[in-house]
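Engineer: Model the following, please.
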Amino acid sequence: MTTSKPGKAGRRPGERGDLLDPRCPVRQLLDRIGTKWTSMAVKVLAEEAPHELRFAELRRRIPGISQKMLSVTLQSLVRDGLAARRVEPTVPPAVHYRLTELGLSLEEPLAALRTWAETNMPEIDRHNQVADESFSV
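Structural biologist: A predicted model of the protein is given here:
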């Protein structure tokens with residue numbers, strides 16, 4: 001349950017369910033994984049689980065992501081314990097990534113969000129088209 005006012009009576013600051021409080025666990029998670037690049041990286045890594053993917057292969061499978069953005073995204077996933085990184089001491093080093101058990105557990109809710117989007121984006125697009133047409137009159 002989410003409250004609509006931070007610090008609602010009877011709740012401690014940061015208590016579960018207070019999405020408007022910066023200390024809320026849901027808000028903290030959304031701050032970390034709420035980007036399109038993170039959800040795409042998790043999806044691609046989940047498709048390969050339990051196997052690893054090299055950095056270059058991840059980049060090929062995520063259309064439009066820059067090398068820098070993929071690097072930042074993977075660093076965040078590793079830092080949060082959602083992905084593991086392995087470096088082979090070759091020249092140049094071969095860097096491999098895989099989802100941890102924690103990261104794999106994130107794939108199910110992200111898949112549900114993708115399903116919701118696939119079902120509802122046509123309606124959202126229709127609303128946007130109506131709004132755009134009403135502004136151009």
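Engineer: Any idea how far the longest helix seen in the chain is from the middle of the chain?
Structural biologist: Selection of the longest helix in the chain by residue count, based on DSSP state H, yields helix 101-135. On the basis of Cα atoms, centre = their mean, to the nearest Å, helix 101-135 sits 13 Å off its chain's mean C-alpha point.
Engineer: Can you name every helix or strand that that helix contacts?
Structural biologist: Using 3 or more Cβ pairs under 8 Å, 6 or more residues apart in numbering; DSSP states H and E, the elements in contact with helix 101-135 are helix 36-48. Any C-beta I mention is one placed from the backbone N, CA and C, and that applies to glycine too.
Engineer: Contacts for whichever helix or strand comes after the helix it packs on, please.
Structural biologist: Per DSSP states H and E, the first helix or strand lying C-terminal to helix 36-48 is strand 53-54. The contact list for strand 53-54, computed with Cβ atoms under 8 Å, 6 or more residues apart in numbering, reads 44-45, 61, 94-98.
Engineer: strands paired with strand 53-54, and their directions?
Structural biologist: Using DSSP bridges, strand 53-54 pairs in its sheet with strand 94-99 (antiparallel).
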